[in-house]
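Chemist: Give the three-dimensional model of this entry:
(one chain, ligands or ions: 1)
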Amino acid sequence: MCGIVGYTGYRQAQPVLVKGLYTLEYRGYDSAGIAVETPEGLRVVKTKGRMKTLDEKISAAGGLAGTCGIGHTRWATHGAPSDLNAHPHLSQDGRFAVVHNGIIENYLELRQELQKDGFHFKSETDTETVAHLFQKLYCGDMVKTLAAVIKRLRGGYALGVLSTGNPGEIVCARRDNPLIVGFGEGENMIASDIPAILPITRRYAVPDDQEIVHVTPQGIRFYSLDGQEITHEPLTADWDVASAEKGGYAHFMLKEIFEQPRAVRDTVASRIKDGLPALDEYGLTDELFQNVRNIHVVACGSALHAGLVGKTVIEKLARVPVSAQVASEFRYSDPIIGPGDLCIIISQSGETADTLAALREAKKRGARTVAVCNVVSSSAAREADGVLYTWAGPEIAVATTKAYSAQLAALYLIAVRAALARGTMDEASARAFCAEILALPGKIESMLETRDEMDRLAKLYCDRSDTFFIGRGIDYAAAQEASLKLKEISYVHSEAYAGGELKHGTISLIEQGTLVVALATDPALYEKIISNIQSVKARGASVVLVTNGDYQSGGDVCDHVVHLPGCPAELTASLSIVPLQLLAYFIGVHRGCDIDKPRNLAKSVTVE
Ligand code: F6R
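Modeler: As a prediction, this is how the structure comes out:
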């Protein structure tokens, strides 16, 4: 989704803004722009396309001289990607520049009102409404004006505003969309995410919803909508600049795939105490698990796929009913959830609009809520009753890999704790299981050694137009994640099916050369999945089998085998996904795709 950056201080703003926007590229965007307060007034350069194009346009314009400015990467919602729709947007009198992330839901109503007042719109965006409204309501004070403006807005937003008449001042506010402020020395910043402020500072704060923040080189002040000053203790980002850089890898995605052993280790190691998961401090107490009626896991995309694995593992170990639901469906489904239920929401960013809405719905209905989330102080982390952080570190590639693996690891801990609390697992078995969880990073490491083989297979199969992933039980959940990875970064059509479902229709699509990737990691289901494989092979499919069974390639079962090391059936999803992430990655590379910034996708989906 859109990225916002703002700088005020003693340096030239333009390079700081441009650098910040490059670091926010991962969020997904289709246009970009900056506005700088110059001696001649506000100057804006913006363009459809990538940051490189913006950089070139800024150079062609002779640069923008000034020490205060705002910048934006836009992911189109209202109006196509174009130079005119790109942010920043100026008010009619050119005195105010606005950048915005989110959706102003009542923008049409406001637009009509402003048009009646004589304002002319240059773009199709909802954001331009805010720029004109700011001009209309301007009372000589930026903080008071922004408060008056946001009282008129419905929807979600992160907004940054710059003006000509107030040198060095930026005001900003957020509602349900990410925005942080960075504290420097004689210079300060605003941004959508931490990487953008790291060149200046690691000290930051997250304003609460509908606070107005006033940023100048001398300091940052926070106000409530009615003008009361609020204080925020700065947090310290434990990321360094290097963690937001590629570190010698060709793409962030590859780097992050290789960071999975560390991400899983960091997520579990400090939570296993004396051989058992200790989760009280995250709101996951034995009492909660003993009395819980139902567990609802709610998430989107890959986080939901992690939830599907978690559902199977928690049900198997703790014998409590668990549902895994799509957040965008859950929120409008009049869900049967209430006191006595636990809602686990899973989100890498902690800012996904549908997931946050589901969390609020569950809370409203009296359920206890816990967020499994990767971004410290994100909205999900702040709003849930408890938070179990995944310590995957910054994930920059749009396609998630290490955060997904860390989510699985966190869910395994929850499953074991719930099983112990409910008496469905004895302490000795729980200890043995935890030892297996702690052994996962080493085994994931060994799966990374499939890199060259996956590259070879990717070269063989990158021209196939359809791929099917099949599996049963946990393998079906893992198949769904593998399929999503392939389609999102390589644009190859791909579907995941429960092995037994193929014959109910989809098998009609299998023809000579169709690629089928089969997962078979549960010995109890080997024979079933092998029969499914044989039925697709008989119709000409090329089959890659990912298994811990004793199968060899070249026979009538499959064309290629990827062997997994032994581990309990409940944990195999952490291993089977690794070669399939690599396969998706290399297919994307061989098809010439933009791996870290796939078309139409955004890292953090902060709109509905
Ligand atoms: C896929 C992917 C998405 C996210 C989904 C939820 O690779 O990254 O499907 O998993 O948009 O995002 P978070 O976890 O930030 O809520």
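Chemist: The residue in the chain positioned nearest to the ligand: neighbour count?
Modeler: With Cβ to the nearest ligand atom, the shortest gap between the chain and the ligand falls at Gly301, namely 1.9 Å. C-beta coordinates here come from the backbone N, C-alpha and C atoms, glycine included. Using other Cβ atoms under 10 Å, Gly301 has 23 other residues around it.
Chemist: Spatially, which residue comes closest to it, not counting chain neighbours?
Modeler: Nearest residue to Gly301 in three dimensions, chain neighbours excluded: Leu484, at 6.8 Å (Cβ to Cβ, 6 or more residues apart in numbering).
Chemist: OK, contacts around that neighbour?
Modeler: Neighbouring residues of Leu484 by Cβ atoms under 8 Å, 6 or more residues apart in numbering: Gly301, Ser302, His305, Ser494, Ala496.
Chemist: Repeat that for Glu453.
Modeler: Val562, Pro579.
Chemist: what separates it from Phe586, distance-wise?
Modeler: 10 Å (Cβ to Cβ, to the nearest Å).
Chemist: residues in contact with Val99?
Modeler: Neighbour list for Val99: 2, 4, 6, 35, 70-72, 87-89, 127, 159-160 [criterion: Cβ under 8 Å, 6+ apart].
Chemist: If I look at it, what pLDDT would I see?
Modeler: pLDDT recorded at Val99 is 97.
Chemist: So in terms of bridging, what pairs with it?
Modeler: Beta-bridge partners recorded for Val99 (DSSP bridges): Gly160.
Chemist: One more: the one 5 residues further on?
Modeler: On DSSP bridges, the residues paired with Ile104 through beta bridges are Gly155.
Chemist: what about it, neighbour count?
Modeler: With other Cβ under 10 Å as criterion, Ile104 counts 26.
Chemist: just Gln112 next, same as before
Modeler: Neighbour tally, Gln112, other Cβ under 10 Å: 11.
Chemist: distance of it from Val370?
Modeler: Relative to Val370, and taking Cβ to Cβ, Gln112 is found at 44 Å.
Chemist: Give the buried residues for stretch 208-223.
Modeler: For stretch 208-223, a neighbour-count test (16 or more other Cβ atoms under 10 Å) marks Asp209, Gln210, Glu211, Ile212, Val213, His214, Val215, Thr216, Pro217, Ile220, Phe222, Tyr223 as buried.
Chemist: what bridges to the residue lying closest to the third one once chain neighbours are set aside?
Modeler: Nearest non-adjacent residue to Glu211, counting by Cβ to Cβ, 6+ apart: Phe222, 5.1 Å away. Note on Phe222: beta-bridge partners by DSSP bridges are Val213, Ile230.
Chemist: show me what contacts Phe222?
Modeler: Ala205, Pro207, Glu211, Ile212, Val213, His214, Glu229, Ile230, Thr231, His232.
Chemist: for Ala410, same thing?
Modeler: Taking Cβ under 8 Å, 6+ apart, we find Ala410 in contact with Thr267, Val268, Val372, Leu388, Thr390.
Chemist: The third one contacts Thr390, correct?
Modeler: This points to Val372. Yes - Val372 is within contact range of Thr390, at 6.3 Å (criterion: Cβ atoms under 8 Å).
Chemist: What parts of the chain come near the ligand?
Modeler: 300-303, 347-349, 352, 355, 399-400, 484, 488, 604-605 (Cβ under 6 Å from any ligand atom).
Chemist: Please repeat the previous calculation with a cut-off of 5 Å.
Modeler: Cys300, Gly301, Ser302, Ala303, Ser347, Gln348, Ser349, Thr352, Ala399, Thr400, Val605 (Cβ under 5 Å from any ligand atom).
Chemist: which residue packs closest to the fourth one, ignoring adjacent ones?
Modeler: The spatial neighbour of Ala303 that comes closest, neighbours along the chain excluded (Cβ to Cβ, 6+ apart), is Ile346 at 4.2 Å.
Chemist: Looks to me like that neighbour is in a helix.
Modeler: No - read with DSSP: H, G, I helix; E, B strand; the rest coil, Ile346 is strand and lies in no helix.
Chemist: Can you tell me the number of residues neighbouring it?
Modeler: Residues near Ile346, counting by other Cβ under 10 Å, number 35.
Chemist: and Gly102, how far is that from Gly156?
Modeler: To Gly156, Gly102 is 4 Å away according to Cβ to Cβ.
Chemist: what touches both of the two?
Modeler: Both Gly102 and Gly156 are in contact with Arg175, Asp176, Asn177, Thr606, Val607, where contact means Cβ under 8 Å, 6+ apart.
Chemist: what about the stretch 151-300 of the chain, any weak spots by pLDDT?
Modeler: By pLDDT under 70, the weakly predicted segments of the stretch 151-300 of the chain are 239-244, 247.
Chemist: any chance you could map the helices in it?
Modeler: Using DSSP state H, counting those that start in this stretch, the helices of the stretch 151-300 of the chain run over residues 252-258, 260-269, 286-291.
Chemist: Can I get those in TSV including mean neighbour count?
Modeler: Formatted as TSV, these follow (neighbours: other Cβ atoms under 10 Å):
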stretch	mean neighbour count
helix 252-258	24
helix 260-269	22
helix 286-291	15
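Chemist: what's the closest of those to Val536?
Modeler: Ranking the helices of the stretch 151-300 of the chain by proximity to Val536 (Cβ to Cβ) places helix 252-258 first, at 27.5 Å.
Chemist: which non-adjacent residue is nearest Ile470?
Modeler: Gly499 (4.7 Å).
Chemist: So what does the one you found have for phi and psi?
Modeler: Per-residue torsions, Gly499: phi -50, psi -40 (degrees, to the nearest 10).
Chemist: Report how many residues lie close to it.
Modeler: By the measure other Cβ under 10 Å, the count of residues near Gly499 is 25.
Chemist: Let me know the pLDDT of it.
Modeler: 88.
Chemist: ok, now Met1?
Modeler: 69.
Chemist: Kindly report the same for the one 5 residues further on.
Modeler: At Gly6, the model reports a pLDDT of 98.
Chemist: Return the residues in contact with it.
Modeler: Gly6 touches 17, 69-71, 99, 160, 162, 170, 172, 189-191, 215, counting by Cβ under 8 Å, 6+ apart.
Chemist: Quick one: those residues as a markdown table, columns for distance to Glu256 too.
Modeler: Converted to a markdown table, those look like this (distance: Cβ to Cβ, whole Å):
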| residue | distance to Glu256 |
| --- | --- |
| Leu17 | 26 |
| Gly69 | 31 |
| Ile70 | 29 |
| Gly71 | 25 |
| Val99 | 28 |
| Gly160 | 29 |
| Leu162 | 34 |
| Ile170 | 32 |
| Cys172 | 30 |
| Met189 | 25 |
| Ile190 | 26 |
| Ala191 | 21 |
| Val215 | 32 |
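Chemist: mind listing which of those residues are in strands?
Modeler: Applying DSSP state E to the contacts of Gly6, the entries found in strands are Gly69, Ile70, Gly71, Val99, Gly160, Leu162, Ile170, Cys172, Met189, Ile190, Ala191, Val215.
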